[in-house]
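>>> no sequence for this one, just the structure:
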């Protein structure tokens, strides 16, 4: 309203500015100077009779425009000038025109209001019903062409103001908003941070460790276990070459930890379970109906039979298979048996780890595979248990097992190590660079507990009771009461004959 008054004021000449100052004396001087540039674009509508008449500088010769329909009456609840907008502003055709009107009162005399008359040409014209005596008779009617008109009439029906939203809806919305904010911040402040433990383990431990992880996470909701399986030699190289941030390393051959990881990457080795090697097959495999512990070599060497093994340089099951062939050559007294079995197993039948052979066996690509007893029991497939003298699962024949040896890849490229036969022992350790050693110790303590050993036994492994450790002084305090110090193994130096027979 202030802006409209300012714009109307600057349209007048200097002679009638003094008359308008009585009406617009609230206009600041800076605002008058600012809006001087709009002079010539605006003209006033007729003012009430109680104020001096204001004549436009140049009367507009344009005849009164018309509207095709009558605008609906509108009852205003405040005093404000009417705005009449013209689509084509010129010095003689205003952009908009201010016209004052007041809200009627039940106890006040109705003020003059515009009246509408319908012309024969269906046009609408505007004329004052009671023209003021001070108004000029030659004053033209204001332009209404394509304009927005707001009318205030004492006889029009007032429109009720829009009803506000019900208080119940507003109250419910506020309560819901405040409650959501409170729950959000309360949950953020109370929820503990989740710790993720990375477990690097042998493929044959996938099933038991998964069940141990589920039981441990149920008891410790703030801990999450991330299991990653490889061949045990691949796990060792992940630590050495890639510096993998594992919290626990569990291998199918405990001897790899002191040979590859200690003392740079680990401080101790925990022996926790044993296993043995078996020959797994399908019911429809060739010779399945007659295979036994005495003729399995003859069946495998038949031309129509396909059998497989894991990679000796990636998985202990692979080099343990070669050790079993060498021990079978001694046990059955069949010279050259190990070489014949090696030639009958082409490279296409070799996979990185033993569990990768299961899919080939189930698909019919392989008829027999050398695998651990625990894995065979987990899958419920037929298998043949080999004699304890050659299956690497009996501590009584540990000295006989040491007569066999194979070469495997060493720590550095081009380096080889001599791996001798020994009883199967599963081992684990917490690496020195473990991100969460305390949580890792809690997990190991659960694995070595009565509940953890029951899970291992249920899945085909034979847990050691008690578990053994080589360097008890470097153990976390939480694990010391659970372990027993193991005796150092006796080193058997191979003679020249053994070196030639088992290169």
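Yep, it's here. Being a predicted model, the structure only gives us computed values, none of them experimental.

>>> use CA for all of it now, contacts and neighbours both
Noted.

>>> which residue ranges of the stretch 401-503 of the chain form strands?
Ranges of strands within the stretch 401-503 of the chain are 405-409, 416-420, 426-429, 462-469, 484-485, based on DSSP state E, counting those that start in this stretch.

>>> so what are the domain limits for this structure?
Domain segmentation of the chain under automatic domain parsing yields 1-187, 195-273+424-485, 276-422.

>>> pLDDT score assigned to residue 215?
The per-residue pLDDT reported for residue 215 equals 97.

>>> give me the three-state assignment for it.
Following DSSP: H, G, I helix; E, B strand; the rest coil, the label given to residue 215 is helix.

>>> how near is it to residue 364?
36 Å (CA to CA, to the nearest Å).

>>> what would the strands of the stretch 401-503 of the chain look like in JSON lines with mean neighbour count and mean pLDDT?
Formatted as JSON lines, these follow (neighbours: other CA atoms under 10 Å; pLDDT from 0 to 100):
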{"stretch": "strand 405-409", "mean neighbour count": "19", "mean pLDDT": "93"}
{"stretch": "strand 416-420", "mean neighbour count": "15", "mean pLDDT": "93"}
{"stretch": "strand 426-429", "mean neighbour count": "24", "mean pLDDT": "98"}
{"stretch": "strand 462-469", "mean neighbour count": "18", "mean pLDDT": "95"}
{"stretch": "strand 484-485", "mean neighbour count": "16", "mean pLDDT": "94"}
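
>>> of all the ones you listed, which lies closest to residue 254?
strand 426-429 (4.0 Å; CA to CA).

>>> that closest one pairs with which strands?
Strand 426-429 pairs in its sheet with strand 248-251 (antiparallel), strand 270-274 (antiparallel), by DSSP bridges.

>>> just the ones you listed: most buried one?
Ranked by average neighbour count under the criterion mean count of other CA atoms under 10 Å, these are headed by strand 248-251 at a mean of 26.

>>> rewinding a little: right, and the strands paired with strand 426-429 - which one's nearest residue 343?
The nearest among the strands paired with strand 426-429, by CA to CA, is strand 248-251 at 28.6 Å.

>>> could you list the low-pLDDT ranges of the stretch 301-450 of the chain?
Judged by pLDDT under 70, the stretch 301-450 of the chain has no weakly predicted residues.

>>> the helices in it, which residues?
316-331, 337-344, 357-363, 373-379, 398-401, 437-448, 450-458 (DSSP state H, counting those that start in this stretch).

>>> residues contacting residue 324?
For residue 324, the contact set (CA atoms under 8 Å, 6 or more residues apart in numbering) comprises 390, 391, 392.

>>> among these, which one sits closest to residue 377?
residue 391 (15.9 Å).

>>> surely that closest one touches residue 279?
No. Between residue 391 and residue 279 no contact is recorded; they are 9.9 Å apart, counting by CA atoms under 8 Å.

>>> for the two, indicate the residue with more neighbours.
Neighbour count, other CA atoms under 10 Å: between residue 391 and residue 279, residue 391 has more, with 27 against 20.
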